[in-house]
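K.L.:
Okay, here's the prediction I keep looking at, along with the sequence it came from:
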Amino acid sequence: MQRTTVLPILFALFLGGQQASAQGNKGNDFIISWLPSTLGATNGTHALELHLTSDVPTSVTVEYPVNAPTFVTVEVVVPGAITIVTLPNTTTPCSSPANCWTADQVSNNCVRASAPDDFVAFSVNRVPYSSDAALCLPVSAMSNEYILADYEPCSWAGPAEFVVHAAYDDTTVSIIPTDDLVGHVKNVAFSVVLQAGEGYQGEGLVTSGSLTGTIITSSKPIGVTNGSECARVPTLDDCCSDHIYEVALPVREWGRTMLVADLPGNPSGSVYRIIAAEDGTNVLMDNAPLASLERGEFHEPAPLLGNHVFSANNPIFVVQYMTGENPGDPAMGNIVPVDRYGNDYTFCAVGGAQFGAHYVTVYADDFDVASGTITLDGIPIPASEFSSVGSACESDFSVARIQLGHGAHTTSSSRPHWITVEGVSLNDSYLYPGGVSTATTAVCDFILPYCDANLNSSGMAAVLSGSGSSDASANDLHLTASALPASQFGYFLASSSQGFLSPPGSQGNLCLGVGDDLGRYIQNVLNSGPAGEFSMQVDLTFVPTATGHVSLVAGDTWNFQAWFRDNNPGPTSNFTNGVSVSFN
């Protein structure tokens, strides 16, 4: 066992601030699982480490395994420092007994960390040229539903893999794998029963591919670690491969809007996977249609450069992958929804020779950028460092990527922001999210989609999306209809109620109530043009109804939809989905 306040890798901690009491990755009891990595045996010195910190002094007890522990240590953890606990080493191909699992078996092979006060924990698999790490989630953040994320494995060095671990006795876990596993075939559900502290390891076959989209549900809350023993990103890359893993974010914590930006050491762009939680999920990138997905399906666009906004009508999850380039190496990082951002982060960069450069990527509200209230180590980050990302949750956001020196660092803001931390070196890298808050989703979800659209002649279902402010007095609501057939006329409709009607001669469904409050913006007939899109700024003081116009006020909820002409194959019409907008 080793105890030190030096970090061999850069990590982030979400601390305090306005949302400290709702911090999702902070707790006083953790069950932690690592994944096997045979790369550790071939790359030299390796170790499994638990990195601990807190915003109040506390004593953390670390036990391995959870049941009948053979290793126990109590460590003093203080604010502003990282305490590192190194788990027992082994001479086997694993870094430690804690990441030696037998596929398709239940094992008592997890680690427990507990304390009288809340703290934050990071799991680390530290290997020259193949390190990786994950933000741990406490027992209080466990849930009953997960959908896996990983990447196509290297055929020569290990499969896609996951561990499910339980905090409660008699937990029944159901798994539907997307590809063949050791002992199980793809798309066929199977179950295992876990006792508190036990874990089950699932592992793909040598000939299997990614397990992304595998659905895991349970009778009691569980935790999940997912990744690939060796991944090559992108799949056809001939340069570099690496062990990658993350602690899975429960589906209940997924969101509808995610911001992403370029990574250091990736001049060819980042790889992204967007995973759907529900059927009928229409994904947009920068407000343009990107993909239509069913539950558990994912879309992977070609590597992307630049800053982007991913959004959808249903909850989605976005994973960002660092590609195999030099400097750098494959790494994966969870992208946190905008409505899970926080106000204060503390993180530390040390690294020595293992990582040649460290960075922090800061996603900040434009209000903080302009007012100088987004700070790094207490000093305002110059506005010139930022570039625009886009709009989300009633705010405009920008992003800055800043190279860091060794040592501890902090970021702070008056409005919620988020960070990722990265490090790159020759054949080595890491990518890590700064934290996840369990703050309310009300701000992001004042515009809620409902009533899926039918396909039109473009081959897609038309998508209605909105942006602006939920404050009725701000009179700021912008609607956009996209994925329309090109060069067709249409207009928006509004109603204070919802309904469902299939008008004669139309291939779509009217999802608004048809009473006196149904209004048509027939004075604002629009054309979708070659891009198949039209939009409108809604005047909330002059909303049409069947009997006149009304002014919307705080407390009102109104529903909107767009109608458009089509030829599919003959003359017809269709509708977008509906959106419900609640004002305060």
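P.N.:
Great, that's in hand. No experiment lies behind these values; they were computed from the predicted model shown.
K.L.:
What's the first helix or strand after the strand ranked longest in the chain?
P.N.:
Ranked by residue count and defined by DSSP state E, the top strand of the chain is strand 407-425. Next helix or strand after strand 407-425 toward the C-terminus (DSSP states H and E): strand 428-433.
K.L.:
Give me the residues contacting that next one.
P.N.:
With contacts defined as C-beta atoms under 8 Å, 6 or more residues apart in numbering, strand 428-433 is touched by 9-12, 128-135, 242, 263, 265, 320-322, 327-336, 354-355, 418, 420-423. Where you see a C-beta, it was placed from the backbone N, CA and C, and this is true even at glycine.
K.L.:
could you redo the last one with a cut-off of 7 Å?
P.N.:
9, 11-12, 129, 131-133, 135, 263, 265, 320, 322, 328-329, 331-334, 336, 354-355, 420-423 (C-beta atoms under 7 Å, 6 or more residues apart in numbering).
K.L.:
same check, this time on stretch 288-302
P.N.:
In contact with stretch 288-302 (C-beta under 7 Å, 6+ apart) are residues 147, 212-213, 215, 271-279, 281-284, 460-461, 463, 482-483.
K.L.:
Repeat the analysis, applying 8 Å as the threshold.
P.N.:
Under C-beta under 8 Å, 6+ apart, the answer for stretch 288-302 is 147, 149, 176, 178, 212-215, 271-285, 310, 460-461, 463, 482-483, 533.
K.L.:
From those, list the buried ones, please.
P.N.:
The neighbour-count test (16 or more other C-beta atoms under 10 Å) applied to the contacts of stretch 288-302 identifies 147, 149, 176, 178, 212-215, 271-278, 280-285, 310, 460-461, 463, 482-483, 533 as buried.
K.L.:
coming back round to it: listing partners with orientation, what would you give for the longest strand of the chain?
P.N.:
The strands beside strand 407-425 in its sheet (DSSP bridges) come out as strand 342-349 (antiparallel), strand 357-365 (antiparallel), strand 375-376 (antiparallel), strand 428-433 (antiparallel).
K.L.:
Just name the most buried of those strands.
P.N.:
strand 428-433 (a mean of 27; mean count of other C-beta atoms under 10 Å).
K.L.:
buried ones in the helix or strand following that one?
P.N.:
Once strand 428-433 ends, the next helix or strand along the chain (criterion: DSSP H and E) is strand 447-450. By neighbour count on 16+ other C-beta under 10 Å, the buried set for strand 447-450 is Ile447, Leu448, Pro449.
K.L.:
who touches strand 447-450?
P.N.:
Contacts of strand 447-450 (C-beta under 8 Å, 6+ apart): 313-314, 464-467, 498, 511, 559, 577-582.
K.L.:
Any of the residues you listed buried? List them.
P.N.:
313-314, 464-467, 511, 559, 577-582.
K.L.:
Which residue is the nearest non-sequential neighbour of Pro138?
P.N.:
Leaving aside its sequence neighbours, Pro138 sits nearest to Gly27 (C-beta to C-beta, 6 or more residues apart in numbering; 2.4 Å).
K.L.:
Pairing partners for the one you found in the sheet, please.
P.N.:
Bridge pairing for Gly27 - DSSP bridges - gives Phe119.
K.L.:
residue contacts, it?
P.N.:
For Gly27, the contacting residues are Asp118, Phe119, Leu137, Pro138, Val139, Ser140, Ala141, by C-beta under 8 Å, 6+ apart.
K.L.:
Tell me the spacing between the residue lying closest to Val163 once chain neighbours are set aside and Val360.
P.N.:
Leaving aside its sequence neighbours, Val163 sits nearest to Ser33 (C-beta to C-beta, 6+ apart; 4.1 Å). Taking C-beta to C-beta, to the nearest Å as the measure, Ser33 falls 28 Å from Val360.
K.L.:
what's the single longest helix in the protein?
P.N.:
helix 366-371 (DSSP state H).
K.L.:
Distance from the chain centre to that helix, please.
P.N.:
25 Å (C-alpha atoms, centre = their mean, to the nearest Å).
K.L.:
Give me the contact list for that helix.
P.N.:
373-374, 381, 383, 386, 388, 395-398, 413-415, 417.
K.L.:
Now, of the residues you listed, which are buried?
P.N.:
Counted by 16+ other C-beta under 10 Å, these give Thr373, Ile374, Ile381, Ala383, Phe386, Ser395, Phe397, Ser398, Ser413, Arg415, His417 as buried.
K.L.:
List the buried residues for stretch 530-537?
P.N.:
So stretch 530-537, judged by 16+ other C-beta under 10 Å, has buried residues Gly532, Glu533, Phe534, Ser535, Met536.
K.L.:
Filter those residues down to the ones in strands?
P.N.:
Going by DSSP E, the strands hold Phe534, Ser535, Met536 from these.
K.L.:
Switch those residues over to JSON lines; also include distance to Leu493.
P.N.:
Formatted as JSON lines, these follow (distance: C-beta to C-beta, whole Å):
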{"residue": "Phe534", "distance to Leu493": "13"}
{"residue": "Ser535", "distance to Leu493": "15"}
{"residue": "Met536", "distance to Leu493": "11"}
